[in-house]
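Student: generate coordinates for the sequence data below:
(one chain, ligands or ions: 1)
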Amino acid sequence: MDTNRLSKTLTAALNSQMTKEAYASQIYLSYAAWADNQGFGGIANFLFRHAEEERNHMMKILEYILRRGAEVQITAIPAPHDNPVSIKKCFEKVFEHEVDNTKAVYKLVKMSFDEEDWATWNFMQWFVKEQIEEETLAMNLLNKIKIAGGDKVNNNALYSLDRDLKNTPDGAGSAQDVTAEKP
Ligand code: OFO
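Tutor: Numbers count the residues shown, from 1 in each chain. Model prediction:
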């Protein structure tokens with residue numbers, strides 16, 4: 001008796017999203033190591049923590065595929081692109097990467113909708129919400145660099161930014177959690 005509750009198409013798409021999350025983790029790891037080499041220990045710390053978060057996303061999808069009785073396929077993770085040339089570029093790449101991942105998440109939402117696989121559609125809603133957070137977090141990084149001087153950011157400003165980011169929370173609050181009492 002076949003107990004697999006996922007279609008072939010969705011299994012392939014979920015497996016590929018799982019690898020994409022692993023790839024995201026590698027990207028954050030590479031940026032973190034780069035930032036640390038440049039002397040930005042605080043920014044590196046923030047990025048290392050985020051690499052871990054991406055790995056958790058990967059695990060979340062892996063567990064879901066298994067729970068639905070389908071086959072998990074562990075494949076090679078593509079190597080991250082070149083190191084950024086500045087902290088500003090690094091944050092821009094983080095933002096671009098998150099937008100790209102959001103698009104991949106939306107594709108999965110649409111596929112599950114089209115197949116009327118409501119379990120997967122429902123599962124993917126967590127990622128839709130998470131991507132709002134991830135994009136906000138990346139936007140916040142870009143705003144910080146803008147306030148610190150944008151292209152003209154100087155070492156003093158970078159020093160403070162590095163110190164602040166060391167303890168910045170890993171997630172940005174999401175709009176869904178906002179209430180009149182807790183805006
Ligand atoms: Fe997994 O959220 Fe970022 O990429």
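Student: and stretch 128-135, average pLDDT?
Tutor: The average pLDDT within stretch 128-135 is 96.
Student: now that stretch: buried residues?
Tutor: Buried positions in stretch 128-135, judged by neighbour count with 16 or more other C-beta atoms under 10 Å: Glu130, Gln131, Glu133, Glu134, Glu135. Just so you know, the C-beta spots here come from the backbone N, C-alpha and C atoms, and that holds for glycine as well.
Student: from Asn101, how far out is Met59?
Tutor: To Asn101, Met59 is 16 Å away according to C-beta to C-beta, to the nearest Å.
Student: out of the two, which sits in the busier spot?
Tutor: Neighbour totals were compared for Met59 and Asn101, and Asn101 leads with 23 against 13 (other C-beta atoms under 10 Å).
Student: wait, the more buried one sits on Ala22?
Tutor: No: using C-beta atoms under 8 Å, Asn101 is not in contact with Ala22; the gap is 11.8 Å.
Student: give me the contacts around stretch 134-154.
Tutor: Contact partners of stretch 134-154, identified using C-beta atoms under 8 Å, 6 or more residues apart in numbering, comprise 87-88, 91-92, 94-95, 97-99, 101-102, 157-158, 160-161, 164-165, 171-174.
Student: of the residues you listed, which are in range of the ligand?
Tutor: Glu98, Asn101 (C-beta under 6 Å from any ligand atom).
Student: show me which of the contacts of stretch 134-154 are buried.
Tutor: Of the contacts of stretch 134-154, these count as buried by 16+ other C-beta under 10 Å: 87-88, 91-92, 94-95, 97-98, 101-102, 157-158, 161, 165, 172.
Student: from those residues, which single one is nearest the ligand?
Tutor: Asn101 (3.8 Å; C-beta to the nearest ligand atom).
Student: does the closest one sit in a helix, a strand or a coil?
Tutor: Classification of Asn101 using DSSP: H, G, I helix; E, B strand; the rest coil returns helix.
Student: can you tell me how far it sits from Thr19?
Tutor: 12 Å.
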